[in-house]
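Novice: Here is the input, now give the coordinates:
(2 chains)
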Amino acid sequence: MLQAFSTWLHGTTLSWAVAGGIPWIWPACETLHFMGLALLVGVVGVLDLRMLGMAKGLPLGPLQRLMPWAILGFGINMVTGFLFFAGDPFQYIHNIAFGFKLLFIGLAGVNVILFYVTGLSRTVDGVGAGHDVPPAAKLVAATSLFLWVGVMYWGRMLPFIGNAF
Amino acid sequence: MQFLLWLERSALGSWVRESSSLWAYPTILFAHTVGLGFLVGTNTAVDLRMLGFAERLPLAPMERFFSVMWLGFWVNALSGTLLLIADASTKLTNPVFYVKMAFVTLAVVNMVLIRRRVFRDPALDTAPLAGPAKVLAVTSLFFWMGAITAGRLMAYFGPVSGAPGLQNRIP
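Specialist: Numbering: from 1, shown residues only, chains lettered A, B, ... in the order given. You can find the predicted model right below:
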């Protein structure tokens, strides 16, 4: 099914345009992908580091108000990432690094969902300046840092472990 | 040019560029990406706060994140130097490389100015940020976006870099 979907996608005008038909699209998407990365890793990183005890003077409630920017970064990278995939699906579907990248993104998603459904996020929201978050929240923060650095690792390894350009 | 070729053909330059080990080019490039994420990302978080987002968040404690920015900067200065040695004859003759260095320099000067002018201001967090501070936040975002754009476009303008057979441009 993935094979059939990829074959179909590869035949679309979108795929043609991204893969060089319109030459500036690919470099523009790469540039945006790095800006999205910085936005996501920066905002999430600041939040995770605070939960781990850095810059404890920051109250967590107001700090979490920066999260929409991380979500914007994630959105930019979802769209540009999908465009890369559309441009040449076959360099990704058999690429082990791509599989791991998606797995790590999925795990980061599960980590965030657990943070919300367990009520941890509400507890953390009330943690003021100078106070520690609960150990479970520290675990979520450390896991988040590990997973996002991992996502960058697998993304960078796409051409080296896998075969993508 | 003789010097650039000597540099890239040195044992170090050749190893970075042509070794099949994941610890060579791939890992150095990964370090450069993580450094970018933390350097530009933490700067962006501070810039957004300075521009008025999350306005109930005190700015003063964010000064701690300058250590993260500098760590990211030095990781990238080191990894960038290694990548430069490996492709000295192509990257140092690429005009876009100098555009990138100009943007990085401006962004780092801007970062130091934010720390000195905004974070060392005794009135920080007691009054709304003045206009010049917001200008520094906007120029910071602009310079970092310029650095990222120029960095990425180095692969598309000027001579082709990288290990033989490794594509770094669209086909």
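
Novice: Counting neighbours, what do you get for B:W23?
Specialist: As a burial measure, B:W23 scores 10 neighbours (other C-beta atoms under 10 Å in any protein chain shown). Backbone N, C-alpha and C define where each C-beta goes, glycine included.

Novice: what kind of secondary structure is it in?
Specialist: Classification of B:W23 using DSSP: H, G, I helix; E, B strand; the rest coil returns coil.

Novice: wait, what's in contact with the residue nearest to A:W69 when sequence neighbours are not counted?
Specialist: Of all residues not flanking A:W69 in the chain, A:V43 sits nearest, at 5.0 Å (C-beta to C-beta, 6 or more residues apart in numbering or on different chains). By C-beta atoms under 8 Å, 6 or more residues apart in numbering or on different chains, the residues touching A:V43 are A:L66, A:M67, A:W69, A:A70, A:G73, B:G41, B:T44, B:A45, B:L48.

Novice: Tell me the one among the residues you listed nearest to A:G53.
Specialist: Nearest to A:G53 among the contacts of A:V43: B:A45, at 17.3 Å, using C-beta to C-beta.

Novice: quick one on the thing from earlier: PyMOL command for the buried members of the contacts of A:V43?
Specialist: For the buried members of the contacts of A:V43, the matching PyMOL selection, counting by 16 or more other C-beta atoms under 10 Å in any protein chain shown, is:
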select buried, (chain A and resi 66+69+70+73) or (chain B and resi 41+44+45+48)
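
Novice: got the contacts of A:V43 as TSV, with pLDDT columns?
Specialist: What follows is the contacts of A:V43, written out as TSV (pLDDT from 0 to 100):
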residue	pLDDT
A:L66	98
A:M67	96
A:W69	98
A:A70	98
A:G73	98
B:G41	98
B:T44	98
B:A45	98
B:L48	98
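
Novice: Let me have the contacts of A:V43 in a markdown table, extended by secondary structure and distance to A:H33.
Specialist: Below are these laid out as a markdown table (DSSP: H, G, I helix; E, B strand; the rest coil; distance: C-beta to C-beta, whole Å):
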| residue | secondary structure | distance to A:H33 |
| --- | --- | --- |
| A:L66 | coil | 21 |
| A:M67 | helix | 20 |
| A:W69 | helix | 16 |
| A:A70 | helix | 15 |
| A:G73 | helix | 10 |
| B:G41 | helix | 14 |
| B:T44 | helix | 15 |
| B:A45 | helix | 19 |
| B:L48 | helix | 20 |
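
Novice: count of neighbours near the nearest residue to A:G150 once chain neighbours are set aside?
Specialist: Distance criterion C-beta to C-beta, 6+ apart; nearest residue to A:G150, sequence neighbours excluded, is A:F104 at 4.5 Å. Residues near A:F104, counting by other C-beta under 10 Å, number 20.

Novice: was I right about A:F104 contacting A:W154?
Specialist: Yes - using C-beta atoms under 8 Å, A:F104 makes contact with A:W154 at a distance of 6.0 Å.

Novice: contacting residues around the residue in chain B that chain A sits nearest to?
Specialist: For chain B, the residue closest to chain A is B:G41, as judged by C-beta to the nearest C-beta, at 2.0 Å. By C-beta under 8 Å, 6+ apart, the contact set of B:G41 is A:L37, A:A38, A:L39, A:L40, A:V41, A:G42, A:V43, A:G45, A:V46.

Novice: switch the cut-off to 10 Å
Specialist: B:G41 sits next to A:37-46, A:70, A:73, B:65, B:68-69, B:72, B:144 when contact means C-beta atoms under 10 Å, 6 or more residues apart in numbering or on different chains.
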